[in-house]
Each structure stands twice: as C-alpha cells, then as structure tokens.
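A.B. asks: Here is the input, now give the coordinates:
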Amino acid sequence: MTNQSRLKTVILNGLVAALYVVLSLFPGMLGFASGAIQFRISEGLNHLVVFNKKYLWGVFGGVLVFNFFFSSENKLLDTLFGGGQTLLALLVLTLVMPYLKQTWQKMVVNILLFTVSMCMIAWMIVLTGSTASTHIPFWPTYISLALSEAVIMVITAPVMYAVDKVVHFDAQMKS
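C.D. replies: Model (predicted):
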C-alpha cells in the first residue's frame, strides 16, 4: 500500500467518523441516540464494512467520538460498551464475509450481528441504571434495543446498497 493510498484510507475513515457523529446528533437532540431505545440513523453506516472492511475504523471511530462527547450519562462506559459492541460486530462480520457471495447476504448477517450484540448495551444499561431503589430489567431493555437497531439497519440496508451503485464504496477505498 502506497503512502497516498494510506492517506486516502485515513481521510475516508475520518469522513465516515464525522458523518457518523453528524447523523447521530439529531436523534441525540431528541433523546433517541442513547438509552434503552436508540434510533441512530448513523447505524446505517455499519453497512459500509460490507463493501470494504477498511471502513471499519471510520465507523468505530464515529461511535467512540459520539459516545464520548455526546452521550447523556456514563460517557466512559457508553464509549467502552458502544465502541466494543460495534468493534465486535464488525470484526465478526469481516471474518464471515469471505464465505458469503452476495451483498444482500452480508447485509443480513450484519443486521443480525448488530441486533444480537445489542445485549452488550442492554447489559451496560442494566448495570449502570439499577440502584438499590430501582431495578432495570435486562430482557425488556435488550428487546427494545435490539428492535430499534434492527429497524434502523433494515431500513438503511437498501439505501446503502443504492448509494453504493452510484458511489462504489469499495472502489473509493481502493483507488
């Protein structure tokens, strides 16, 4: 990989991270970017990794920046758990992708990985939100998180697929 190619990869990932933050801000202002119900439109950027695994670092970076600077409470835990959940799901996706031929198959696996891995976020919410006087139950928290993640990922999958037909995400990262 040439220095110019490395620089382009870093710049593209910086743009993806910035886009993730910007797309998270509006739901964040409405209280839907953190907590037991999360509708982050930015989660659709997780699909970028389907087209080229090098986008992983931009998505991961965007999650870290948004959670650290804009999450409502427990910034450090939000950053660790949210970043960890994203990194884990995307790393598993990159390991599974070589066995999947079609883009839609990769997107379905991506949706499933993110939906299932929301248990990490539910666990964090239960651990940090439960006190002696209140108890936040795991299963309702997990179900609401998993459903909200699945909805966003399902809605954004065809959008990202259509955008790729024009932008060619893989080619952008390679050239």
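A.B. asks: From His135, how far out is Ala146?
C.D. replies: Counting by C-beta to C-beta, to the nearest Å, the separation of Ala146 from His135 is 20 Å. Every residue, glycine included, has its C-beta placed from N, CA and C.
A.B. asks: So which of the two has more stuff around it?
C.D. replies: Using other C-beta atoms under 10 Å as the criterion, Ala146 and His135 rank with Ala146 on top: 18 against 10.
A.B. asks: How far does whichever helix in the chain runs longest sit from its chain's centre?
C.D. replies: Secondary structure of the chain per DSSP state H: the longest helix is helix 138-167. Chain-centre distance of helix 138-167: 9 Å, with C-alpha atoms, centre = their mean, to the nearest Å.
A.B. asks: can you pull the buried residues of the helix or strand that that helix is followed by?
C.D. replies: With elements assigned by DSSP states H and E, the helix or strand that comes after helix 138-167 is helix 169-174. Neighbour counts over helix 169-174 (16 or more other C-beta atoms under 10 Å) mark Phe169, Asp170, Gln172, Met173 as buried.
A.B. asks: quick one, helices of this structure?
C.D. replies: Under DSSP H, the chain gives helices at 3-29, 48-51, 56-70, 75-96, 103-117, 119-129, 138-167, 169-174.
A.B. asks: Could you identify which of those is most buried?
C.D. replies: Comparing the helices of the chain by mean neighbour count (mean count of other C-beta atoms under 10 Å), helix 48-51 comes out on top with a mean of 26.
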